[in-house]
Structures are given as C-alpha cells and as structure tokens.
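Novice: Pasted the sequence and its predicted model underneath.
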Amino acid sequence: MGFCAEIWEEVAPLRRAILAHPFLSELAAGTLPSASFQHYIVQDSLYLAEYARVLAIAAARAPSAAGRLEFSDGAKVAVQVEEGLHQAFFAQFGVSGDMAAGVEPSPACLGYTSYLASLAATRTYEELIAGILPCFWVYWEVGCAIRPQAVNPNPYAPWIDTYAAPEFGEATDRVRALVDAAAEAATPAVRDAMAKAFRVATRYEWMFWDSAYRRESWPI
C-alpha cells in the first residue's frame, strides 16, 4: 500500500467527521443559512489567495518538471476560482468588494494558511506537498459524496459542481501521484513528517467548515 492510501485510511475518522458536519449536510439540502455560507466564501477567498502562494512555492521547489507544471497550474486555478466562483457568490449573497476586503482571516483560516506557509518556509518539499494534498483530496471526496444527495434546485449547486467535477478529480489524482512518488523516495523520518503534515491539514479542513458554520470571529 502506498503512502497516500495508508494516510487516507488513517484519517478515516476525520473524513467521516467532515462528511457528517452540518455545514455540508445543510449545504446539500439547500438549507444552510446564507450567513454561514457568506462567512465561508469570504474566508475561503482569503484562504485561496494564500494557498495559491503556497502552491507557487511548491512549484518552485519541485524537483521534477511534472511537479513544477502541476503546482504552477494549481496556483493559477486557485486564483481563477477566487476570481470566478467566489465573485459570482459574492454577488449572489450580497458581499461587496469593499466588504470582503475589510474582513480579517478567522482564527481557523489564519491558522490553516499560516501552517501551510510554515511548511513552505521551514520544512521539506515532501512535507509541503503532503500538507497541500488534503485541500484537493478532501474537497474531491466531499463534492462526490454530497452531489448525489443535493436537492435541485440548490443555491449552492455551483459550489458542489465545482468540486465534484471530473477535472477536479483528475487534478487530485495528479497531486496524489506526486506525493506518493515523493514518499517512496523519502526516508522513514521524512515519511513520518509527511504523515503529520497531512493529518494536521485534514484537521484544519474540518475546522474551516466548522468555523464557517458557527461564523467564527476573534473572541477578543
């Protein structure tokens, strides 16, 4: 069993917790409060701006042409999603550009992006891409899981369709292959560090949706 299959099985309880979260079940049902989705989409816009930077760093550090191409393309797509899907949702849910620009990252958003930035700045390339992978893989699993359950019409259908699209699954497969290849060539210590990065990033995935559902803000 390869690295990705092993760590995916290890984080199965986290994945079940994500799929069971009311943010996602209510999103599929079309009953998620618009204020919670508004919180999510603004924070996700802030997240993707930083995620694109991390992907660009991964591209620069990648030892292979395949890695440089994949992560540079991923950075471009992250910006395109922010500019396209998010801007459409901003209009739909009444978020002005000035409003979005004035929002601070939530504790969960800042924690997640800061963690990825710390991997990019201070850890190995192998750990970095293991930390990058959950944002692809968890969203792909979520999109595929909730699409069959989603009501129609659904105000959140474009979001669901984006992450259940075959093209997103193909991108996930390519990143997973890069992580598996890196793990196969790594020492046991580096593989352990990769597993830790994957686990932490997956925890942050749950925290991000939970923070949006609760419309988290700074306590003081």
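Specialist: Structure received.
Novice: Mind telling me which residue is nearest the centre of this structure?
Specialist: With distances taken as CA atoms, centre = their mean, residue 135 lies nearest the centre of the chain, 2.7 Å away.
Novice: Show me which parts of whichever strand or helix holds it are buried, residue by residue.
Specialist: Taking DSSP states H and E as the criterion, residue 135 maps to helix 125-146. By neighbour count on 16 or more other CB atoms under 10 Å, the buried set for helix 125-146 is 125-143, 146. (Each C-beta comes from the backbone N, C-alpha and C, glycine too.)
Novice: again with stretch 151-169
Specialist: Of all the residues in stretch 151-169, those buried under the rule 16+ other CB under 10 Å are 154-156, 159-160, 163-164, 168-169.
Novice: do stretch 180-197 as well
Specialist: Under the neighbour-count criterion of 16+ other CB under 10 Å, stretch 180-197 has 181-183, 186, 190-191, 193-195, 197 buried.
Novice: Outside of it itself, list whatever touches it.
Specialist: By CB atoms under 8 Å, 6 or more residues apart in numbering, the surrounding residues in contact with stretch 180-197 are 2-4, 6-7, 10, 119, 123-131, 179.
Novice: Show the end-to-end separation of it, please.
Specialist: End-to-end span of stretch 180-197 (CA to CA, to the nearest Å): 14 Å.
Novice: Rounded mean pLDDT for stretch 176-190, please.
Specialist: Stretch 176-190 carries an average pLDDT of 98.
Novice: Give me the distance between it and the centre of its chain.
Specialist: Distance of stretch 176-190 from its chain centroid, counting by CA atoms, centre = their mean, to the nearest Å, is 21 Å.
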